[in-house]
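Chemist: For reference, the sequence and a predicted model appear below.
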Amino acid sequence: KKDLKYCLSAKDVQDLFQPDNVREQVSVNRLRDLGGLPAVEQIFNTNFANGLDISNADDLAARVEKYGDNLPIMKAPKTFMELILENFEDEILRLLCASAAVSLVLGCLTHGIKEGWLEGASILIAVVIIVSVTSINNYLKEKQFRKLNEIATRKFCHVVRNGKLEYVDVVTINCGDICEVETGEIMSVDGLLLKGNNISADESSITGETDLVKKVSIDTEGKCNPFLISGSRIMEGTGRVMVIGVGKNSQYGMLKMKIQQDPDPTPLQEKLTLLADQIGDIGKYSALVTFLAMLLHFIYDCAMSGHSFNYFLSYETAEELVEYFIIAVSIVVVAVPEGLPLAVTIALAYSVGKMKDENNLVRYLQACETMGGANNICTDKTGTLTKNLMTVVKLYVQGDIKDINAGFKSSSLKDEISNLLCHGISVNSNANPKVNGDGSFEQIGNKTECAMLELVMKMGYDFRKIRETAEKDALILKTHPFSSARKKMTTIYRLAGSNKVFTKGAPDFLLDKCTHFLDKAGAVTPINDLFRKEIASVISKFAS
């Protein structure tokens, strides 16, 4: 049997997810020729059920060497020496250096080394101070913004490793990892769909096509598209994906490598630069006029003193002209407020740090100018002003409102109703919260679903065991994931020998589709106008 382990190169992986190859079925046919999903599992040395074995350090290192890592793609920072050399692109600094060199040579020739070096050296010291301050500031500012950018771009996802579902930082994802994706998630990697429920993706950010793309597993006969491209958004459905392309070898990574560029200057910096240029022009013209005036005055003095033409070729004349030139350059240096844009940049970078101390993280200098002068900030609440953690506080069941925090006990409900409610919540949700050894509940996934699953645990049921049994015995017959268009999620589930359809969604939307309800005695009862009014009253009370 042929060993397929790592037989695909990083370039082969890039070609698989190239949009044209995906659209024309070239990529699907390539994988099918290799042997389909079983071959893919062998090629990337993974396990579709249990994921990667992260305890195998040698294998992880081999993956990174072969297919790269998923670290953020950022433009390589300039070295300190590059920042120093960058300063000499300023024509004023080059002019100062030339003046210093001329002054050193003439000073040493006319006054000797003992005293002649002083004026040239003083100019060089000024250049060193300007270059040092500018370079050090730029270097520190670059480090600061890289740290801020790492915080701002941090993302997490669900990954199966060693048979356990974990919530990890996307930068730790490797080729061969098995990820769980759900509605609203933006793909950070290129992945191959293993199984899914009605998955559709918006790939407009990559391909420019606005139509949603239906995703199905490669096991489907005929034409199919199992390729989830990095940068695309899952608009509908849930599924399990195997990571194939990461970092700079993913489609989004390659695109980002091509379009990397230096950030645009802020509006304030543009205005200050324009002001500096205008003042600099005035300084240059003033320096030129001053130099010409001193030169004409020198020529007039020479003419009135009766000096011969040879006097103009003497060291004394050269020294005098250099002195005039240095005075003219000094006027330019004094006139040009080079430190003004620099000072503003330092102030803005400092302001970003101060605003971060006040829990206001600003990614861009442009935003710092705006946010620093804001009196009121309009923002979303969930996850911004709150912790983005939810819990069920009230439950309407059997015609009564139950206060969960006021001694609610599941024994107050009929066993049949409790069983239906807890099974429905457990199988008709995608969240995967973690229950720690001390009983604490760590919400991972949709926070509303996590709160409902926590209620299931409080009622004496274990959603993990219910799901495990459902998967083992194939009790989940069909799942229709939540979408903004349907405003509901539905799961067809086999419970106690009969098929049950569990649906959750907006109550006002679902009520119109219901015909019966379970009364206090647990009996199936037709819905009448009185019940509808009661439900409407409860909805209004919960919403207020």
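Modeler: Here it is on my side, so go on. Keep in mind the model is a prediction, meaning the values are calculated, not measured. Numbers count the residues shown, from 1 in each chain.

Chemist: which residues in the stretch 301-450 of the chain form helices?
Modeler: Here the stretch 301-450 of the chain has its helices, by DSSP state H, counting those that start in this stretch, at 315-335, 339-357, 365-372, 415-427, 447-458.

Chemist: who wins for proximity to residue 301 among these?
Modeler: Ranking those by their distance to residue 301 (criterion: CB to CB) puts helix 315-335 first, at 9.9 Å. Quick note: C-beta positions are derived from backbone N, CA and C, even for glycine.

Chemist: and the closest one, what does it pack onto?
Modeler: Where contact means 3 or more CB pairs under 8 Å, 6 or more residues apart in numbering; DSSP states H and E, helix 315-335 is packed against helix 91-116, helix 118-152, helix 267-305.

Chemist: can you rerun that using 6 Å?
Modeler: If you count contacts as 3 or more CB pairs under 6 Å, 6 or more residues apart in numbering; DSSP states H and E, helix 315-335 packs onto helix 91-116, helix 267-305.

Chemist: returning to that earlier point: out of the helices of the stretch 301-450 of the chain, deepest packed?
Modeler: Sort the helices of the stretch 301-450 of the chain by mean neighbour count, taking mean count of other CB atoms under 10 Å, and helix 447-458 sits at the top with a mean of 20.

Chemist: what's the distance between that helix and the middle of its chain?
Modeler: On the basis of CA atoms, centre = their mean, to the nearest Å, helix 447-458 is displaced by 29 Å from the centre of the chain it belongs to.

Chemist: Now do that helix against helix 415-427: the angle between them, please.
Modeler: When axes from the mean of the first three to the mean of the last three CA atoms, to 10 degrees is applied, the directions of helix 447-458 and helix 415-427 differ by 140 degrees.

Chemist: so residue 480 bridges to which residues?
Modeler: When bridges are called by DSSP bridges, residue 480 pairs up with residue 490.

Chemist: That one contacts residue 491, correct?
Modeler: No - using CB atoms under 6 Å, residue 480 is not in contact with residue 491; the gap is 7.5 Å.

Chemist: The two: which is more packed in?
Modeler: The neighbour comparison of residue 480 against residue 491 (other CB atoms under 10 Å) goes to residue 491, with 24 against 18.

Chemist: so what's that one closest to, chain neighbours aside?
Modeler: Distances taken as CB to CB, 6 or more residues apart in numbering put residue 428 closest to residue 491, at 4.1 Å, once the chain neighbours are dropped.

Chemist: ok, the one you found - contacts?
Modeler: 491, 502, 504 (CB atoms under 6 Å, 6 or more residues apart in numbering).

Chemist: Surely residue 485 forms part of a strand?
Modeler: No - Residue 485 is assigned coil when assessed by DSSP: H, G, I helix; E, B strand; the rest coil, not a strand.

Chemist: which SS class is residue 71?
Modeler: When the rule is three-state DSSP, residue 71 gets the label coil.

Chemist: How many residues are close by it?
Modeler: As a burial measure, residue 71 scores 14 neighbours (other CB under 10 Å).

Chemist: distance of residue 304 from residue 182?
Modeler: 92 Å (CB to CB, to the nearest Å).

Chemist: Likewise for residue 331?
Modeler: Applying CB to CB, the value for residue 331 to residue 182 is 67 Å.

Chemist: where's the residue nearest to residue 491 relative to residue 412, distance?
Modeler: Taken as CB to CB, the span from residue 428 to residue 412 is 23 Å.

Chemist: how about the helices of the stretch 301-450 of the chain, which one is nearest residue 393?
Modeler: Across these, residue 393 has its closest neighbour in helix 447-458 (9.1 Å, CB to CB).

Chemist: C-terminal to the closest one, what's the next element?
Modeler: The helix or strand immediately downstream of helix 447-458 is helix 463-472, counting by DSSP states H and E.

Chemist: which other residues reach that following helix?
Modeler: For helix 463-472, contacts defined as CB under 6 Å, 6+ apart pick out 423, 426-427, 453, 456, 476.

Chemist: Spatially nearest residue to residue 391, not counting backbone neighbours?
Modeler: In this structure, residue 391 finds its nearest non-sequential neighbour in residue 451, 5.0 Å apart by CB to CB, 6+ apart.

Chemist: circling back: what would the contacts of residue 428 look like in a markdown table with pLDDT and distance to residue 352?
Modeler: Below are the contacts of residue 428 laid out as a markdown table (pLDDT from 0 to 100; distance: CB to CB, whole Å):
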| residue | pLDDT | distance to residue 352 |
| --- | --- | --- |
| 491 | 91 | 47 |
| 502 | 93 | 49 |
| 504 | 92 | 43 |
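
Chemist: and residue 135, how many neighbours?
Modeler: Counted with other CB under 10 Å, residue 135 comes out at 19.

Chemist: wait, it sits on residue 83?
Modeler: Yes - using CB under 6 Å, residue 135 is in contact with residue 83, at 4.4 Å.

Chemist: Can you say which helix or strand has residue 200 in it?
Modeler: For residue 200, the element it lies in under DSSP H and E is strand 190-202.

Chemist: Just list the residues touching residue 188, thanks.
Modeler: residue 170.

Chemist: What's the separation between it and residue 389?
Modeler: Per CB to CB, residue 188 is found 24 Å from residue 389.

Chemist: now do residue 231
Modeler: Taken as CB to CB, the span from residue 231 to residue 389 is 29 Å.

Chemist: ok, those two, which is more surrounded?
Modeler: Per other CB under 10 Å, whichever of residue 231 and residue 389 has more neighbours is residue 231, with 21 against 13.

Chemist: And that one, how close does it get to residue 314?
Modeler: Going from residue 231 to residue 314 by CB to CB gives 72 Å.

Chemist: Also residue 436?
Modeler: Distance of residue 436 to residue 314, computed by CB to CB: 90 Å.

Chemist: Neighbour count: those two, which is higher?
Modeler: Counted by other CB under 10 Å, residue 436 and residue 314 do not tie: residue 314 has more neighbours, with 12 against 8.

Chemist: do you know how far the more buried one is from residue 190?
Modeler: From residue 314 over to residue 190 (counting by CB to CB), the distance is 75 Å.

Chemist: number of nearby residues for the residue nearest to residue 120 when sequence neighbours are not counted?
Modeler: Excluding the flanking residues, the one nearest residue 120 by CB to CB, 6+ apart is residue 104, at 3.2 Å. Neighbour count for residue 104, taken as other CB under 10 Å: 19.
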